[in-house]
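1. coords below, sequence missing:
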């Protein structure tokens, strides 16, 4: 599936932290200091709110998350992320922030394939949002290079879609 077909997933991040939304109490599981995985309830909500084209959700194992994260940090992964972004979008600035970012991870199914959504946000985020309990969001949609995402296909071991907030 093309990156543009998954561009709606960025919107979900803002929806999950709106005041009065019960999602704020849901938790993630911390895999590393900078990588957390959404529980099934949060992944289901992401799908319902913003990734409606996903066929379902699943919870990736720590090993699957770390394998994808290693790919994210590799030159091959960076090349895949650049190649899967919309043509008009240069992901270079976001990719330079890999070590300056933290990642919320969601498991989604597309075309019968397990994919991992890595959502990156800055470690130095000053919005006072508890990133272990809430999906991260800027107060505006102008996130620039600091807020970006990429879909990793577990079966192929490659990134298949990416983008960032504009």
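-> Nice, thanks for sending it over. Worth saying up front: this structure is predicted, and the values here are computed from it rather than measured.

2. helices of the chain, start to end?
-> Ranges of helices in the chain, per DSSP state H, are 9-15, 40-49, 62-72, 75-84, 92-95.

3. now the angle from the fourth one to helix 62-72?
-> It stands for helix 75-84. Between the axes of helix 75-84 and helix 62-72, defined by axes from the mean of the first three to the mean of the last three C-alpha atoms, to 10 degrees, the angle is 80 degrees.

4. contacts for helix 75-84 next, please.
-> With C-beta atoms under 8 Å, 6 or more residues apart in numbering as the test, helix 75-84 has contacts from 3, 71-72, 90-92, 95, 150-151, 158-162. The C-beta positions use only the backbone N, C-alpha and C, and glycine is treated the same way.

5. follow-up on the earlier one: which one of the helices of the chain lies closest to residue 30?
-> Ranking these by proximity to residue 30 (C-beta to C-beta) places helix 62-72 first, at 9.9 Å.

6. which residue lies nearest the spatial centre of the chain?
-> residue 119 (2.3 Å; C-alpha atoms, centre = their mean).

7. what number of residues lie near the closest residue to residue 33 other than its chain neighbours?
-> The shortest distance from residue 33 to any non-neighbouring residue, by C-beta to C-beta, 6 or more residues apart in numbering, is to residue 102 (8.0 Å). A count of nearby residues for residue 102, using other C-beta atoms under 10 Å, gives 18.

8. okay, now the unreliable bits of the protein?
-> 1-26, 125-145, 165-166 (pLDDT under 70).

9. which parts of this structure are strands?
-> 28-32, 35-38, 56-58, 101-110, 113-122, 148-153, 158-164 (DSSP state E).

10. mind putting these into CSV with distance to residue 64?
-> Supplementary listing: these in CSV, determined by distance: least, C-beta to C-beta, whole Å:
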stretch, distance to residue 64
strand 28-32, 10
strand 35-38, 9
strand 56-58, 10
strand 101-110, 8
strand 113-122, 7
strand 148-153, 9
strand 158-164, 14
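
11. and of these, who's closest to residue 48?
-> For residue 48, the closest of those is strand 56-58, at 9.4 Å, according to C-beta to C-beta.
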